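S.K.: just coords:
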């Protein structure tokens, strides 16, 4: 209850509990600090330094890298990434939510089977799976052959090496990341809440909008972030399925570090993606708190 | 309660199976307008399935659920209506309050579905919150309330719609003992005040006995008996009801004109005799009808095993040779016999209920 207590004997056990928690959390925290926080700090420091001639940085303070990121050509890449990631996320939501809902309402023994099927693609290599889409979508591929042979189209369609192909590839890669958290939140939803809404006079659509959707919104937002963030940063799919024509911020970052050897500018771009992610999570957390009803939770 | 009171809800030959189990088995019931009706039975007897069928959340395999039309209007076939269009509200056992809405939003939800004006919604919500004494909690979220308060929000949310029929699924089971007793009285008062027909599902016979005008006892998906609490207790229709309602002494034997002939104990008096002489029967005597008497009037004789004092009344357990279970008798005040004493027991013939033995 009240955190402030004057009882003297409370101090020692509390300290011991803290030590215990540190022992449990320690290894994980240490790992994250070493391999995530430190590199992030290094990247952050690069943003205000000058590029070295052969990569690396020179310790000369400047804000030019930020100014460069605001040039129209780079803003358009950022905009393009946002657009592709948003379309991918929206499609993942439209496909993933009904799938997750259907799985959550299956008989218990079938739910596990369905979930294993959802994550089954993860058991094969990501690159191989993406290459497979090249075979599927190219002008002599099975999809075009089937369309031509069925007389639906006269000549093979340009399905590959465009924005659509990138979206298809990203959607394929990250759809399970939408389904799993949405499934978890629907499975936790008490069906009696939906029945209560029906009993009070709400039709099926109304019940979904008033009860199901708001109560599964936190999980759905997690799913959206899980799809949006890696879609935005991905550089393999745009390269393989976009044919190098569709530049995304992930490609740009990689090129700055490995090709253009402009580390400080790459760092600015990388950090802007991270900042985006932090904002998204903050929004998700705020909505989650609102829905779960104030501070006091039962 | 008169027999001529019109039925508000009629169930006829309702049956619902889950796999091989018949949760509800050929149930026919009439719920009368403005009565407090209880569906009583042990868990798994089908009472909740029956309630959910009435509310529209289970589809019965066969049978009908109708609300007879009033003033010459045709009967309403409830099975043809989706849950949201039935003039029935249900208070869930879990209360099923919307966690993302405040108390007043929860209560207003059903009224908003009726497309009522904002001011009417507000005044009716205010009224009902006043009735259940939660006006000061209007802005709170369900997670910030106690169990008793949540129960009252659930009740308010159901009655604010002014349904013709309110179904309550184990309404008091989540409350602790003291609050439960208060809420029993509260529910009864509310039912009179709002003039809504209540159907309560419960496994707690005391709860059903103290609140309901009539009780349907259910077992294995079937209605065993529908009666007033007093008649259920005094004239159980079968051995299940006799055993389930209150405590009783049961003697197995064969039916005779004046009672039941029990091997080793002789003819024990009971009613009704007559029909079916010679068939297997059970004689049931309530502990409070079992009297300690002088030797010349004795029907049974045994040795006192134990006495228990419950404040206001005492129970004596008597070992009767030839009968396996101890025979219990209840007396007012403290017991006037001591352990080990030899006592004689008897009862008036009309206090012995003869029932057909069940396989």
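M.R.: All right, it came through fine. Predicted model only: the values in this text are computed from it and were never measured.

S.K.: how about residues contacting the helix or strand harbouring residue A:65?
M.R.: If you go by DSSP states H and E, residue A:65 is part of helix A:64-69. Residues outside helix A:64-69 that contact it (CB atoms under 8 Å, 6 or more residues apart in numbering or on different chains) are A:47-48, A:50, A:74-75, A:78, A:264-265, A:267-269, A:272. Yep, even glycine has a C-beta here, placed from its N, CA and C like the rest.

S.K.: wait, what's in contact with residue 133?
M.R.: If you meant another chain, say so; for now it's chain A. A:165, A:168-169, A:172, A:240-241.

S.K.: hmm, no, I was thinking of chain B.
M.R.: Contact partners of residue B:133, counting by CB under 8 Å, 6+ apart, are residue B:152.

S.K.: name the SS class of it, please.
M.R.: Classification of residue B:133 using DSSP: H, G, I helix; E, B strand; the rest coil returns coil.

S.K.: how close does it sit to chain A?
M.R.: According to CB to the nearest CB, to the nearest Å, residue B:133 stands 21 Å off from chain A.

S.K.: repeat for residue B:153
M.R.: Distance of residue B:153 to chain A, given as CB to the nearest CB: 12 Å.

S.K.: next secondary structure after the helix holding residue A:65?
M.R.: Following helix A:64-69 in sequence, per DSSP H and E, is helix A:72-104.

S.K.: quick one: list the elements packing against that following helix.
M.R.: Helices and strands touching helix A:72-104, as assessed by 3 or more CB pairs under 8 Å, 6 or more residues apart in numbering or on different chains; DSSP states H and E, comprise helix A:64-69, helix A:108-119, helix A:163-188, helix A:213-233, helix A:249-258.

S.K.: pLDDT, distance to residue A:25 and neighbour count for the contacts of residue A:133 - can I get that in CSV?
M.R.: CSV is the format used below for the contacts of residue A:133 (pLDDT from 0 to 100; distance: CB to CB, whole Å; neighbours: other CB atoms under 10 Å in any protein chain shown):
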residue, pLDDT, distance to residue A:25, neighbour count
A:165, 90, 43, 24
A:168, 92, 40, 20
A:169, 92, 37, 26
A:172, 93, 36, 18
A:240, 87, 39, 19
A:241, 88, 40, 26
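
S.K.: let's have those residues in a markdown table, adding distance to chain B.
M.R.: What follows is the contacts of residue A:133, written out as a markdown table (distance: CB to the nearest CB, whole Å):
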| residue | distance to chain B |
| --- | --- |
| A:165 | 40 |
| A:168 | 36 |
| A:169 | 36 |
| A:172 | 34 |
| A:240 | 43 |
| A:241 | 40 |
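
S.K.: averaged pLDDT, the helix holding residue A:65. What do you get?
M.R.: Helix A:64-69 shows an average pLDDT of 87 in the prediction.

S.K.: sketch out the low-pLDDT regions of chain B for me.
M.R.: B:1-5, B:273-276, B:359 (pLDDT under 70).

S.K.: which parts of it sit against chain A?
M.R.: For chain B, the residues in contact with chain A (CB under 8 Å from any CB of the partner chain) are B:55-57, B:82-85, B:88-90, B:92, B:94, B:96-100, B:109-110, B:113-114, B:141-144, B:157, B:161.

S.K.: can you list which of these are found in strands?
M.R.: Among the residues of chain B next to chain A, the members found in strands (DSSP state E) are B:88-90.

S.K.: now that we have the residues you listed, which one has the most neighbours?
M.R.: Neighbour counts for those (other CB atoms under 10 Å in any protein chain shown) peak at residue B:90, which has 30 neighbours.

S.K.: show me what that one is bridged to.
M.R.: residue B:167 (DSSP bridges).

S.K.: ok so, going back, who wins for proximity to residue B:45 among the helices and strands packed on helix A:72-104?
M.R.: Checking those against residue B:45 by CB to CB gives helix A:108-119 as the closest, at 24.5 Å.

S.K.: ok and that closest one relative to helix A:72-104, angle-wise?
M.R.: When axes from the mean of the first three to the mean of the last three CA atoms, to 10 degrees is applied, the directions of helix A:108-119 and helix A:72-104 differ by 160 degrees.

S.K.: so what touches helix A:108-119?
M.R.: A:99, A:103-104, A:106, A:176, A:179-180, A:183, A:187.

S.K.: check stretch B:100-116 too.
M.R.: With CB under 8 Å, 6+ apart, stretch B:100-116 has contacts from A:197, A:200-202, A:206, A:210, A:214-215, A:290-293, B:84, B:89, B:97-98, B:120-122, B:124-125, B:128-129, B:134, B:137-142, B:145, B:153, B:156-158, B:160-161.

S.K.: can I have the buried ones of those residues as a PyMOL selection?
M.R.: PyMOL command restricting the contacts of stretch B:100-116 to the buried ones, with burial defined by 16 or more other CB atoms under 10 Å in any protein chain shown:
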select buried, (chain A and resi 197+200+201+202+206+210+214+215+292+293) or (chain B and resi 84+89+97+98+121+124+125+128+129+134+137+138+140+141+142+145+153+156+157+158+160+161)
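
S.K.: any idea what the closest residue to residue B:7 other than its chain neighbours is bridged to?
M.R.: Counting by CB to CB, 6 or more residues apart in numbering or on different chains, residue B:7 lies nearest to residue B:30, which is 4.1 Å off, once chain neighbours are set aside. Counting by DSSP bridges, residue B:30 forms beta bridges with residue B:10.

S.K.: list the contacts for residue B:30?
M.R.: The neighbours of residue B:30, taking CB under 8 Å, 6+ apart as the test, are B:7, B:9-11.

S.K.: so the closest residue to residue B:262 other than its chain neighbours bridges to which residues?
M.R.: In space, residue B:262 comes closest to residue B:253 once its chain neighbours are excluded; the distance is 3.7 Å by CB to CB, 6+ apart. Counting by DSSP bridges, residue B:253 is bridged to residue B:281.

S.K.: which ones are touching residue B:253?
M.R.: Going by CB under 8 Å, 6+ apart, residue B:253 touches B:260-263, B:265, B:268, B:280-283.
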